[in-house]
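**Student:** I'll drop the sequence and a predicted model, then ask my questions.
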Amino acid sequence: MTAATITTAQDTGCVRLAHGKDWLTVCDRALLIPGRGVAVLLPDGDQAAVFTDRAGRVYAIGNRDPFTGAYVLSRGLLGSVGGRPFVASPLLKQRFDLATGACLDDEGATVPVFPVRVE
């Protein structure tokens, strides 16, 4: 059995994110790979980017890069600076704080943040 096939309690459950007044089930927790994002289409046609970090914390932000208008943040690279997790856009490399949505490279830009829970 390889490490990729081992399931722990941290890997189980459904990932849900708040959207309006509802909690939407977006995927099984086991499908999230640390360091990689997943794009989720929301009922209103918008998109979210869902990530899990190496510590097992799950985050969801808007998938639209505000600098280019492209829906690509789910394909960005995860990292951290000063203990703050971020995703770097795969296009122009601006970094967005996964907890607040603030751009770490341009304080005038933000992306939406969705509350997340694993049930």
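**Tutor:** That came through, no problem.
**Student:** buried ones in stretch 67-81?
**Tutor:** 71-76, 78 (16 or more other Cβ atoms under 10 Å). For the C-beta atoms, the positions are set from N, CA and C on the backbone; glycine is no exception.
**Student:** now the end-to-end length of that stretch.
**Tutor:** Stretch 67-81 has an end-to-end distance of 21 Å (Cα to Cα, to the nearest Å).
**Student:** Please work out which residues outside it touch it.
**Tutor:** 35-39, 47, 49-51, 53, 61-65, 85-92, 94-96, 98, 104, 106, 109, 111 (Cβ atoms under 8 Å, 6 or more residues apart in numbering).
**Student:** With residue 54 as the reference, measure out to residue 34.
**Tutor:** 5 Å (Cβ to Cβ, to the nearest Å).
**Student:** picking up where we left off before, which among the buried residues of stretch 67-81 gets closest to residue 26?
**Tutor:** Set against residue 26, the nearest of the buried residues of stretch 67-81 by Cβ to Cβ is residue 74 (11.7 Å).
**Student:** Over to that closest one: give its phi and psi.
**Tutor:** phi -60, psi -20 (degrees, to the nearest 10).
**Student:** With the one 4 residues further on instead?
**Tutor:** Per-residue torsions, residue 78: phi -90, psi 150 (degrees, to the nearest 10).
**Student:** residue boundaries of the strands in the protein?
**Tutor:** For the chain, the strands defined by DSSP state E cover 14-19, 22-28, 37-41, 47-52, 58-62, 77-81, 84-88, 95-97, 116-118.
**Student:** Put together JSON lines for these, with mean pLDDT on each row.
**Tutor:** Listed next are the strands of the chain as JSON lines, based on pLDDT from 0 to 100:
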{"stretch": "strand 14-19", "mean pLDDT": "95"}
{"stretch": "strand 22-28", "mean pLDDT": "94"}
{"stretch": "strand 37-41", "mean pLDDT": "96"}
{"stretch": "strand 47-52", "mean pLDDT": "96"}
{"stretch": "strand 58-62", "mean pLDDT": "97"}
{"stretch": "strand 77-81", "mean pLDDT": "94"}
{"stretch": "strand 84-88", "mean pLDDT": "95"}
{"stretch": "strand 95-97", "mean pLDDT": "98"}
{"stretch": "strand 116-118", "mean pLDDT": "95"}
